[in-house]
Every structure is written in C-alpha cells, then in structure tokens.
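# Please work out how this folds:
(chains A and B)
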There are 2 protein chains.
Amino acid sequence: MTKLWNAQLCTALGRGLRLQSTAAAYFPSEPASPVLKTTIPGPKSSERLAELGKVFDNRAAYFAANYYNSIGNYIADVDGNQYLDVYAQIASIALGYNNPEILKTAKSDQMANALANRPALACFPSSDYQQILEDGILAAAPKGMSKVWTALSGSDANETAFKAAFIYHAAKKRGNNTFSPKELESVMQNLVPGASDAAILSFEKGFHGRLFGSLSTTRSKPIHKLDIPAFNWPKAPFPSLKYPLDQFVTENKKEEERCLAEFEKVIQQWSTQIAAIIIEPIQSEGGDNHASPSFFQSLRDLTLKYDILMIVDEVQTGVGASGKFWAHEHWNLTTPPDMVTFSKKFQAAGFYFALPELQPSLPFRQFNTWCGDPSKALIARTVYQEISKYNLVENAATTGAYLYGKLESLSGEYSSIFNLRGQSTGTFIAWDMSSSAKRDMFLIESRKLGLNIGGCGDVSVRLRPTLVFEEKHADVLVDIAEEALKRLG
Amino acid sequence: MTKLWNAQLCTALGRGLRLQSTAAAYFPSEPASPVLKTTIPGPKSSERLAELGKVFDNRAAYFAANYYNSIGNYIADVDGNQYLDVYAQIASIALGYNNPEILKTAKSDQMANALANRPALACFPSSDYQQILEDGILAAAPKGMSKVWTALSGSDANETAFKAAFIYHAAKKRGNNTFSPKELESVMQNLVPGASDAAILSFEKGFHGRLFGSLSTTRSKPIHKLDIPAFNWPKAPFPSLKYPLDQFVTENKKEEERCLAEFEKVIQQWSTQIAAIIIEPIQSEGGDNHASPSFFQSLRDLTLKYDILMIVDEVQTGVGASGKFWAHEHWNLTTPPDMVTFSKKFQAAGFYFALPELQPSLPFRQFNTWCGDPSKALIARTVYQEISKYNLVENAATTGAYLYGKLESLSGEYSSIFNLRGQSTGTFIAWDMSSSAKRDMFLIESRKLGLNIGGCGDVSVRLRPTLVFEEKHADVLVDIAEEALKRLG
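Next up is the predicted model:
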C-alpha cells in the first residue's frame, strides 16, 4: 500500500471510524524510525546555537531545529537528523509537526486577518471572536464551565485566575460596600487594606509558572525560584506515593490521609486568608507525581467546607494526553473545580470558570491590552476539532496503555528504571532512574540514538508525545530506550 | 489621479524618497473621512457584544469590530460604520489595518511554519530565529543594546526584565559564591535569603502592567490595583509639569529638582535593596505626563551613582510614534539605560540589554516554555522594515508637529481643552479636559462622529494613531474634535 493511497483511504474513512493510523493519514511521509546523519548534536547545530547565543540566551538548547523538515512525531535538526519526539516542545505540540490541518488554518484568510489586525480584545473584539471560541476553546470546556478568560501563556493563565480569585475573595469580605477611602489610598502604596494580604495555597513540588505571582506558587526546584521576590503564601504537602499504585494501596492511602490532614491544618492556620488553592492533576515539572481520585475529591470537599476556591492547573496535563480531554476528569468530582487553566497543546492560553462572581463586578479590573490572541484561538479551534474528528483522546488512552505495558516489561528487565507511573493516564507516563546524573545520561544517550526525550523532577524521565503518537511510535521509543539503557550499563 | 495609479506611483518612487502619502500607497481604498451608517454603537454591535459577553468579559468594549472591512487608519464595526482610529488598539497597530505588507508576511510559508510548529525557543530554537531577530527586533535595538530576551506581552516583558535585575542584584551581593544551603532551603518557603527582599522602584502615576510583579510597580489608578496582593516596593514622585513646557521653564525645573531630591532620598532609605528602577519616557496610562531630557539624564546619573539598574519601559512609547524610534532617544543620555522593554506596535514583546551579566550565570533561570513567539517576531520584522523603508518615524514627527499646531489653535478657541502636550514628541499628543465626566463625554461624542479616540489618566485625551497617520488624517481628527467640542458646549 503506497503512503499516498494510505492517506487517501484514511481521509475517505472519515469521522468516527477507528482509523488504522491517523499519523499516516496526516503524514504520509513521516519516517518509520529516526534518521541519523551526524553525531548528536551535529556540527551545524552547534554552530547555529553558538551564533544565536550571542544575541539570545539559548544555553538550555539541545539542538537547532529545522521545522520545515519536521513531520508528525519527528523533529528535524539543521544537520538533517530526524528524531522521534516524545518531548514535543515541552508537551506543546498536539497534532504533530506540520500537521496539514494546522497548516491550512495557518494559511487561511481568517488567520491573516487575525495576525494583521491584532485587537485589544476586551475593547474592540472582532465580530467573529465568539464563534471562534465557541467552536474551539469553549467547545472543549470542562464539564460545568461556560465562560473563559483568554491569556497568553500558562503563567499568564494562572495569574489571571489568581486575580479573579483575589477580587472574588475581597468582594465576599467587603459585601455590597464600595471601596473605602482607606482602601483607595492604601492600594497606591501597595499596602493593606487596598492591596490584599490574602494568599494562594499551592503544593510542594507543584509548578505553576515563572512570573512573580505564579512563581510564588511554584515549588518545584530552587533554581526556578532563587533570587526572585516571592509572596509569603502557604503550601501543603503533595502525596509521595509508591508505584505501581495497585501494589501499595494501603501505604498510599495513609500518605494521602497525612497530606489531607496537613492541608486542613494549614487552612485553619491561615483562617479566611486563603483565596484559592492551585493544583495540577499530575505534578509535571515537579517529577510526574500522581495522586488518587479520592485524594482530589477530598481536597475539593475541604475547599467547599472552608469556602476556598479550587483552581486546577491543566497547563501541562490538559488537552488529551492523559487519556481524558482534561486530566481532572479522571477524578469524577461531585462538584467541578472553580477554575481550570490551560495553555501548551492549545497554543492559546487562559482559564475556564462557571461562577458568575469570578467576573469582577466592574470592567477594567480583569483587563490588559490584548486579553488573548485571536490567531491562537484559531489554532486552538483546529486542535480541538481534529482531536474530536480522529478520537485522539482515545488514541492517547490506548497507545498509552500499550506503551505502559511495554515499559513495564522493560522495567522488569532493567533495574535502572523503576517507579514507572501512568498506568491509566494515557501517554502521560514517567519513571525514575537511580540518580540525576544517570537520568541526564539516559536523556543524552537517547537523543544520540534519535529519540528526543525530556526529564522532570530530580531523577525522572517524562513522556510527552503528541496526540498522534501511536503504537508504531511506541515501539521505536521502547527499542531506543532499551538500547540507551544497555549503553549506560 | 486614480487611487490605483497613486498607489503604483508611490511604489515606483520606492525607498528613501519622501512620498506624497504612504497611507495612499498602502491603502488605495482608505476612506477620506469616516463613514457612518447607524447610530453609534450600532444595533448589530450591541447585539454581538451582548452575545459575546455571555462567555467572555467584554464590558470594556466600545463596539464589535469588523477587521475585514477595516483599512489603514479606519476601523470598521459590524454595522458598516468606519471610524478614523487614533486609539489603534491601545497604541498597538503600527502600519494600519490590513496593511498589505503585514498581510504578505501573515500569508507567507515562514509564518505558516512558525504557527504550526511553535517551538520552546530556549530549548529547540528554529534555525532561522536568529536571522528573523537580526533583520527585525535586533535591527531596531536602541543604541548600546545588542541582546534581546523575547516575551509575550508588555507585562511579561517588564517582569522578565525585573527577574534579570533581581538575579543580577543577588549575584553582585553573593560574589563568586554558590548558593548556600540556607538559600536553597529558604527559597522553597518563599523566604529570604533564597527569595529576594530587594525591590523595583517605580514612579507615581507610572503604568508597567497588570501581572503580580509588574502591577506592584504600576501606580496609575486604584482600579488597576485593588484587591490584588502587591510587593511593598518603593515609589518616587514623577514631575507634575505645567504645559506648554516652554512657558513654564522655571517652575518645571523646580518641580523636577524636587522630584529628583525625593528620588535620591528614597534610594538612600532603601540603601542597597533597590535592584532597578523602571520608568516610562512619557507616562501613558497615567495621563501622558512628560518630563524633560535633563530630568531623565539626572535620574540616569543617580542610578549610576548608587549602582542601580535603569529599565526604560517603552511598551507604549516605543516603535516610532514619539518622532524617534525609541522615545528615550529624545534624552540624549550619556550612558544608555540597562534594559529597554517593548511590546504593542511590535506585536512581539521582550527586553533589550547590553550588560552580559544581565544574562544569569546559569541556564533555566530566565526561562519558560515558549520564551517568545517566532510568529510575532516575523510580524515585528515587517513592522521594522516598513518603518525604515517609508521613513515612518519621520512621518510621525512631521505629522505630529502639524497636528500639534492645529490643536494649539483649537485649544486657543475652546477653553474646555487645555494642558496640550507633545509639542516635540511626534503624534504622542494629549490634552486635559475640565473633568473626568467631560472627558468621557468628549470621547463618546467623538466616536458618534466617527472618530475612535481614547483617554488616559483622570481627565486626559490621548492620541495614539498608527505610523501611517498623515496630515489629511490629522485634518479629519481636528474637524471632528472641534465638532464634538461644540456639541458639548
């Protein structure tokens, strides 16, 4: 069967049918395995990075990419190498490189119009913005959420959600009163009562961004936070579970109960000063730490008990990779969270909410020049529509289960990989290695073998492939991982 | 002369020559004056805004725009009205609506590639990112600046600049030492010494954004700040000058000296705790407040004396409208500022710098997922190239001088407009009205007459047209302003 024919067949099969390979339909010329032409990093890559480094800080760079030659699950560098990419721009590429439907959107007149006439959305919204939102970002809204505030990055999404929480918290306290003269005067000095002394509670090892408010809730690593002023906001422990979860049910339950008790203690200490908590469904930068649905349900119950808002940070977990569109759907909460933030795979960013009072009582409070970006909302719409059309959330679930099974075998064979996690969270899979150095060597060795893969936490390897990552890609991943493990000895 | 012929002539005249009308060259079908078809706001606009308001907070909206029908200096709404736009998306539209060169960039393969494959720029930069920067954002760099950090909005630009300042400040204090165990431990509690207790000093009435760090330096209005936690950072007075400047030289000099003395006092009180100051060349949101070059030179001298970094916020003033590419070029500083932030008219955002130490000694400190956006850098490149090609900075200077003259006459005739300012700052012109209510009525009345115009501060009207705003547009603006003044009585 030729590749072209394959693509046509898949297109013809259309909506709803289980396709042989969505990746093949999108990317008839996607490589079957990595293509290696030079040592890694290649000479041109090193030269390019050195040059760029003179004007832009790129010391975190792995290679200089050639996005014209990247396709599907494979990223190309300037030396002609093509890597299977299971890092995907830190979990941001949803539909594969040069996805034809995204390219179509990118080349549309609507996109050109959005780029050439970027509006101040809250002042002069385009007449089609609502439709763009309703066909995309809002059609994907988590259960119980009907409104959205659009922003520009994950940090920005979280900070605007925090602002909504603080304004709501202060309004509740103030009742129907207007701002007092003392509030109006003190706020210009950055002092209470006009400036709030309330707080956002976050969890140990959580990551919520790097701007000043979001960084105050980030608790991942010192290097993310050192030397930057931070608000003295509270934190609570996140469970340190043992994996695989089904083998440590009793211990894990005990650990979660310990954390819940500690969480309630912190809330009580802070009395009514906590405006909201923020939590990731799976702590990603902090090391892919999981907790049980019942832990999150208990957290939700406690936030309701103490009248504290709950913000779920789905910046990294959202948009399908976990095997549900939103990872918090795994919890089956009896009451939805108050806000859910998103970014990355949607390209567009922002937060969802339902509570009408999370829209401040006056305009120009939740406000800025752009308030989002229609060009990104257009991309988000296509991402959502393609995910629906090709059942890509289901693909992440089934491919994830297949991949987990293979990694479980590998973990049985190689003692250097352990604490495998993500059995039922799609391709959102990670494992630990014996040390930070060993983990880093594994990542480097894998890249040399044509696998672009990322780490998280101190000793973890995390998988963040696209949503068009399939069993055939999982096979390549596992083969290379095994070879890298062999080489590490 | 037909419009088409006119456009061809202008294109033929090409680079370097003074053109009859760049606007006519770009926009042969730009209206000669506003087109009004309904009452303002029109019925379709009201309906659209009400619908959009159900899912997105748009209570700050003036009308629902139709960007397909907008052209050059004229913005269209959904009711078929076309307004002369001297607000330009809060100073963000550089080259006019549907500028053909921006549309060409928007429809290019390079743009489609950038949109479809948005990279984590600090990890996997595209091989062409350097060239895009060098031909655009970096080619426009202020004198003395050779490096750039790219970001996503003005607030984000300022906050990343603040982070650079805090990291630099801490490194200076720490010397060559590594992080101490106490720093590594305390920072995870958001406490000193790991978290910094240093500060950014800003000026009364300054505006630097609305995220938590930038909002702590924003001192424009209570409504921008109420109920949001803020860092207890210092502020200093910004001169309250009398206009026209040339008639109040002695008083203004005295006022600036008072502010400088107060500034130095605040610095001394805070001892070595101030990492940087941030200041706008013309305070924009805060009311279009000007100060003299010698005031800024003295500030620069004091920052050098006390070893404090100087950040110039050119988010609103930058990219040509002031009659210089960067408004701080009006100062002729003997030592350039340490950082200059930008956004708005460039669509791309970020900060320039020269000092190598403003790049942290370790990677992953100034870092986030996207670190900018190549699709925006492409737009910025075209903006820069077109500004150069058509001498649009000079156009802003000469059109501004012409417009200022006409407004000066109007101000002589109508006592309700006074404190006219911006005599030598291009189209960056503003004036005061007798009250906030009167100013708001003027803005509404102008819009009804087909002029989209914005306010700032408590009682000011600010002009923020595009860079292709010419004498013919200035004539329309002044005619409508006069008619609105007459109607207000």
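
# When you work out contacts or count neighbours from here on, use the C-alpha atoms and nothing else.
Noted.

# burial count for the closest residue in space to A:K37 that isn't next to it in sequence?
Excluding the flanking residues, the one nearest A:K37 by CA to CA, 6 or more residues apart in numbering or on different chains is A:N81, at 5.5 Å. Residues near A:N81, counting by other CA atoms under 10 Å in any protein chain shown, number 23.

# One more: A:S292?
Every residue meeting other CA under 10 Å relative to A:S292 is counted, giving 18.

# From A:F351, how far out is whichever residue of the stretch 301-450 of chain A sits closest to chain B?
As assessed by CA to the nearest CA, chain B sits closest to A:P363 within the stretch 301-450 of chain A, at 5.5 Å. From A:P363 across to A:F351, the span is 18 Å (CA to CA, to the nearest Å).

# Give me the more crowded residue out of these two.
A:F351 (29 against 15).

# Now do the same for the more buried one: helix, strand or coil?
strand (DSSP: H, G, I helix; E, B strand; the rest coil).

# How about it, nearest residue that isn't a chain neighbour?
That would be A:T341: by CA to CA, 6+ apart, it lies 4.1 Å from A:F351.

# Help me confirm that the one you found is found in a strand?
Yes: the assignment for A:T341, made by three-state DSSP, places it in a strand.

# Write down the beta-bridge partners of it, one by one.
Under DSSP bridges, the beta-bridge partners of A:T341 are A:D313, A:F351.

# pretty sure it is in contact with A:S155, am I right?
No: counting by CA atoms under 8 Å, A:S155 is not a contact partner of A:T341; they are 9.4 Å apart.

# More neighbours: these two, which one.
A:T341 (32 against 29).

# Now do that one against A:S214, distance only.
A:T341 is 12 Å from A:S214, by CA to CA.

# quick one: common contacting residues for the two?
By the contact definition CA atoms under 8 Å, 6 or more residues apart in numbering or on different chains, A:T341 and A:S214 are jointly contacted by A:N158.

# now check stretch A:188-195, is it near chain B?
Yes: for stretch A:188-195, a contact with chain B is found by CA under 8 Å from any CA of the partner chain, at A:M188, A:Q189, A:N190, A:L191, A:G194, A:A195.

# of all the residues you listed, which comes closest to B:S416?
For these, the residue nearest B:S416 by CA to CA is A:M188; the value is 29.3 Å.

# Report the contact partners of A:E30.
By CA under 8 Å, 6+ apart, the neighbours of A:E30 are A:A23, A:A24, A:I71, A:G72, A:N73, A:Y74.

# same deal with A:Q423?
Contacts for A:Q423 (CA under 8 Å, 6+ apart) come out as A:G400, A:A401, A:Y404, A:I429.

# helix or strand for the third one, which one?
Going back to what we said before, that points to A:Y404. Under the criterion of DSSP states H and E, A:Y404 resides in helix A:392-413.

# How is the residue of the stretch 101-250 of chain A found nearest chain B assigned, secondary-structure-wise?
Residue nearest to chain B within the stretch 101-250 of chain A (CA to the nearest CA): A:C123, separated by 3.7 Å. Under the three-state scheme (three-state DSSP), A:C123 adopts coil.

# Near it, how many other residues are there?
Counted with other CA under 10 Å, residues neighbouring A:C123 total 23.

# ok, now A:G426?
26.

# dump the residue contacts of it.
A:A321, A:S322, A:G323, A:K324, A:A396, A:A397, A:T398, A:T399, A:G400, A:A401 are the contacts of A:G426 under CA under 8 Å, 6+ apart.

# CSV for those, including pLDDT?
Listed next are the contacts of A:G426 as CSV, based on pLDDT from 0 to 100:
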residue, pLDDT
A:A321, 98
A:S322, 98
A:G323, 98
A:K324, 98
A:A396, 98
A:A397, 98
A:T398, 97
A:T399, 98
A:G400, 98
A:A401, 98
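
# What is the three-state secondary structure of A:L467?
coil.

# so it sits right up against A:G323, yeah?
No: using CA under 8 Å as the test, A:L467 is too far from A:G323 to be in contact (9.7 Å).

# Break chain A down into its domains, please.
A:3-104+A:391-488, A:110-388 (automatic domain parsing).

# Which of the ones you listed has the lowest mean pLDDT?
For the domains of chain A, mean pLDDT drops lowest on domain A:3-104+A:391-488, to a mean of 92.

# And the helices in the stretch 351-489 of chain A?
Remark: helices assigned in the stretch 351-489 of chain A by DSSP state H, counting those that start in this stretch are A:374-389, A:392-413, A:436-448, A:471-488.

# Show me what the longest one is packed up against.
What that stands for is helix A:392-413. On a contact count with 3 or more CA pairs under 8 Å, 6 or more residues apart in numbering or on different chains; DSSP states H and E, helix A:392-413 meets strand A:418-421, helix A:471-488.

# List the contacts of the residue nearest to A:Y62 when sequence neighbours are not counted.
Distance criterion CA to CA, 6+ apart; nearest residue to A:Y62, sequence neighbours excluded, is B:C123 at 5.8 Å. With contact taken as CA under 8 Å, 6+ apart, B:C123 is in contact with A:N58, A:R59, A:A60, A:A61, A:Y62, A:F63, A:Q89.
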